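*Asks:* Below are the sequence and a predicted model for it; my questions follow.
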Amino acid sequence: MPERLIDERISDMFVTTPSHFSVELNTHSLLGICLLVAQKQLPEFALSISNYYSQSCESTFRLTRSMSGAFSSIVNFTIEQFLKRAGKLSVLTEIENQSESGPLKCPLKFPKHHKRQRKRAILKNTNCWFIYKSSCD
(Lines give C-alpha, C1' and ligand atoms only; values in the text may rest on other atoms or scores of the structure.)
Protein backbone atom coordinates (compact mmCIF):
# COMPACT_ATOMS: atom_id res chain seq x y z
CA MET A 1 0.00 0.00 0.00
CA PRO A 2 1.23 3.49 -0.71
CA GLU A 3 2.42 5.37 2.39
CA ARG A 4 0.02 8.27 1.77
CA LEU A 5 -2.97 5.92 1.83
CA ILE A 6 -1.78 4.33 5.08
CA ASP A 7 -1.40 7.78 6.72
CA GLU A 8 -4.93 8.73 5.64
CA ARG A 9 -6.39 5.52 7.06
CA ILE A 10 -4.56 6.01 10.36
CA SER A 11 -5.75 9.61 10.66
CA ASP A 12 -9.33 8.44 10.12
CA MET A 13 -9.06 6.21 13.19
CA PHE A 14 -8.43 9.04 15.67
CA VAL A 15 -10.40 12.06 16.88
CA THR A 16 -9.66 15.39 15.31
CA THR A 17 -7.40 17.89 17.05
CA PRO A 18 -10.29 20.24 17.99
CA SER A 19 -12.20 17.29 19.45
CA HIS A 20 -9.14 16.25 21.43
CA PHE A 21 -8.73 19.77 22.85
CA SER A 22 -12.44 19.92 23.69
CA VAL A 23 -12.27 16.66 25.63
CA GLU A 24 -9.13 17.84 27.41
CA LEU A 25 -10.69 21.18 28.39
CA ASN A 26 -13.84 19.47 29.64
CA THR A 27 -11.77 17.03 31.68
CA HIS A 28 -9.71 19.79 33.29
CA SER A 29 -12.86 21.79 34.05
CA LEU A 30 -14.62 18.83 35.64
CA LEU A 31 -11.55 17.96 37.74
CA GLY A 32 -11.29 21.57 38.86
CA ILE A 33 -14.94 21.57 39.92
CA CYS A 34 -14.47 18.28 41.80
CA LEU A 35 -11.50 19.75 43.66
CA LEU A 36 -13.43 22.90 44.57
CA VAL A 37 -16.32 20.80 45.90
CA ALA A 38 -13.91 18.61 47.88
CA GLN A 39 -12.33 21.75 49.37
CA LYS A 40 -15.84 23.02 50.24
CA GLN A 41 -15.43 26.08 48.01
CA LEU A 42 -18.39 25.01 45.85
CA PRO A 43 -21.67 23.42 46.94
CA GLU A 44 -22.26 19.73 46.26
CA PHE A 45 -24.89 20.39 43.60
CA ALA A 46 -22.11 21.78 41.41
CA LEU A 47 -21.36 18.13 40.63
CA SER A 48 -24.69 17.73 38.86
CA ILE A 49 -23.48 16.25 35.58
CA SER A 50 -26.49 17.56 33.68
CA ASN A 51 -25.01 21.07 33.98
CA TYR A 52 -21.99 20.19 31.86
CA TYR A 53 -22.88 19.95 28.21
CA SER A 54 -22.58 22.34 25.31
CA GLN A 55 -26.26 23.27 25.23
CA SER A 56 -26.15 24.73 28.74
CA CYS A 57 -23.05 26.75 27.82
CA GLU A 58 -24.78 27.97 24.66
CA SER A 59 -27.86 28.82 26.70
CA THR A 60 -25.79 30.88 29.15
CA PHE A 61 -24.15 32.73 26.28
CA ARG A 62 -27.53 33.32 24.62
CA LEU A 63 -28.98 34.67 27.89
CA THR A 64 -26.04 37.04 28.37
CA ARG A 65 -26.51 38.31 24.82
CA SER A 66 -30.21 38.89 25.48
CA MET A 67 -29.43 41.11 28.48
CA SER A 68 -28.50 44.03 26.20
CA GLY A 69 -32.12 45.09 25.78
CA ALA A 70 -34.82 44.84 23.16
CA PHE A 71 -33.77 47.88 21.14
CA SER A 72 -30.02 47.35 21.23
CA SER A 73 -28.26 46.10 18.13
CA ILE A 74 -25.02 45.35 20.00
CA VAL A 75 -24.58 41.59 20.08
CA ASN A 76 -20.81 41.33 20.52
CA PHE A 77 -19.03 42.14 23.76
CA THR A 78 -15.67 41.78 25.45
CA ILE A 79 -14.79 39.11 27.98
CA GLU A 80 -15.08 41.70 30.75
CA GLN A 81 -18.59 42.62 29.60
CA PHE A 82 -19.49 38.94 29.36
CA LEU A 83 -18.33 38.33 32.93
CA LYS A 84 -20.37 41.30 34.18
CA ARG A 85 -23.46 40.02 32.37
CA ALA A 86 -22.84 36.50 33.65
CA GLY A 87 -22.65 37.94 37.18
CA LYS A 88 -26.01 39.66 36.70
CA LEU A 89 -27.42 36.44 35.28
CA SER A 90 -26.14 34.57 38.34
CA VAL A 91 -27.93 37.01 40.66
CA LEU A 92 -31.16 36.65 38.68
CA THR A 93 -30.87 32.86 38.77
CA GLU A 94 -30.28 32.92 42.52
CA ILE A 95 -33.39 35.08 43.04
CA GLU A 96 -35.36 32.72 40.80
CA ASN A 97 -34.18 29.66 42.75
CA GLN A 98 -35.04 31.32 46.07
CA SER A 99 -38.51 32.22 44.82
CA GLU A 100 -39.09 28.59 43.84
CA SER A 101 -37.79 27.10 47.06
CA GLY A 102 -39.73 29.19 49.53
CA PRO A 103 -41.36 32.49 50.36
CA LEU A 104 -39.41 35.68 49.73
CA LYS A 105 -39.93 39.11 51.25
CA CYS A 106 -41.26 40.24 47.90
CA PRO A 107 -42.47 37.18 45.97
CA LEU A 108 -41.53 37.19 42.32
CA LYS A 109 -42.95 34.96 39.61
CA PHE A 110 -40.68 33.97 36.76
CA PRO A 111 -42.14 32.56 33.54
CA LYS A 112 -41.31 28.90 33.00
CA HIS A 113 -40.93 26.96 29.81
CA HIS A 114 -42.56 23.53 29.95
CA LYS A 115 -39.21 21.79 29.27
CA ARG A 116 -37.58 23.52 32.25
CA GLN A 117 -40.36 22.37 34.55
CA ARG A 118 -39.74 18.73 33.55
CA LYS A 119 -35.99 19.14 33.91
CA ARG A 120 -36.35 20.54 37.44
CA ALA A 121 -38.53 17.59 38.41
CA ILE A 122 -35.87 15.18 37.13
CA LEU A 123 -33.05 17.07 38.88
CA LYS A 124 -34.89 16.98 42.21
CA ASN A 125 -34.82 13.19 42.05
CA THR A 126 -31.12 13.05 41.10
CA ASN A 127 -28.77 12.48 44.01
CA CYS A 128 -25.30 13.95 43.53
CA TRP A 129 -24.20 13.00 47.04
CA PHE A 130 -23.12 9.56 45.82
CA ILE A 131 -20.76 11.08 43.25
CA TYR A 132 -19.36 13.52 45.79
CA LYS A 133 -18.96 10.91 48.52
CA SER A 134 -17.27 8.36 46.26
CA SER A 135 -14.87 10.98 44.89
CA CYS A 136 -13.75 11.98 48.39
CA ASP A 137 -13.19 8.42 49.67
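*Replies:* Received it, and whenever you're ready, just let me know what you need. Numbering: from 1, shown residues only.

*Asks:* Mind listing what's buried along the host helix or strand of Leu31?
*Replies:* Using DSSP states H and E, Leu31 maps to helix 17-38. Under the neighbour-count criterion of 16 or more other Cβ atoms under 10 Å, helix 17-38 has 33-34, 37 buried. In this view, the C-beta of every residue, glycine as well, is placed from N, C-alpha and C.

*Asks:* how about low-confidence regions in this protein?
*Replies:* 1-11, 50-52, 100-108, 110, 113-137 (pLDDT under 70).

*Asks:* and with 80 instead?
*Replies:* Along the chain, segments meeting pLDDT under 80 span 1-15, 19-20, 22, 26, 45-57, 67-76, 95-137.

*Asks:* all helices of it, in order?
*Replies:* Using DSSP state H, the helices of the chain run over residues 3-12, 17-38, 54-66, 79-101, 114-125, 129-136.

*Asks:* tell me what the second one is packed against?
*Replies:* Meaning helix 17-38. In this structure, helix 17-38 makes packing contacts with helix 129-136, judged by 3 or more Cβ pairs under 8 Å, 6 or more residues apart in numbering; DSSP states H and E.

*Asks:* Closest one of the buried residues of helix 17-38 to Phe82?
*Replies:* Nearest to Phe82 out of the buried residues of helix 17-38 is Ile33 (Cβ to Cβ; 19.7 Å).

*Asks:* Next, find the distance separating that closest one from Ser90.
*Replies:* 16 Å (Cβ to Cβ, to the nearest Å).

*Asks:* Check Gly32 too.
*Replies:* Distance from Gly32 to Ser90, by Cβ to Cβ: 18 Å.

*Asks:* same thing with Val75?
*Replies:* Val75 is 21 Å from Ser90, by Cβ to Cβ.

*Asks:* quick one, which of the two is more surrounded?
*Replies:* Ser90 (11 against 8; other Cβ atoms under 10 Å).
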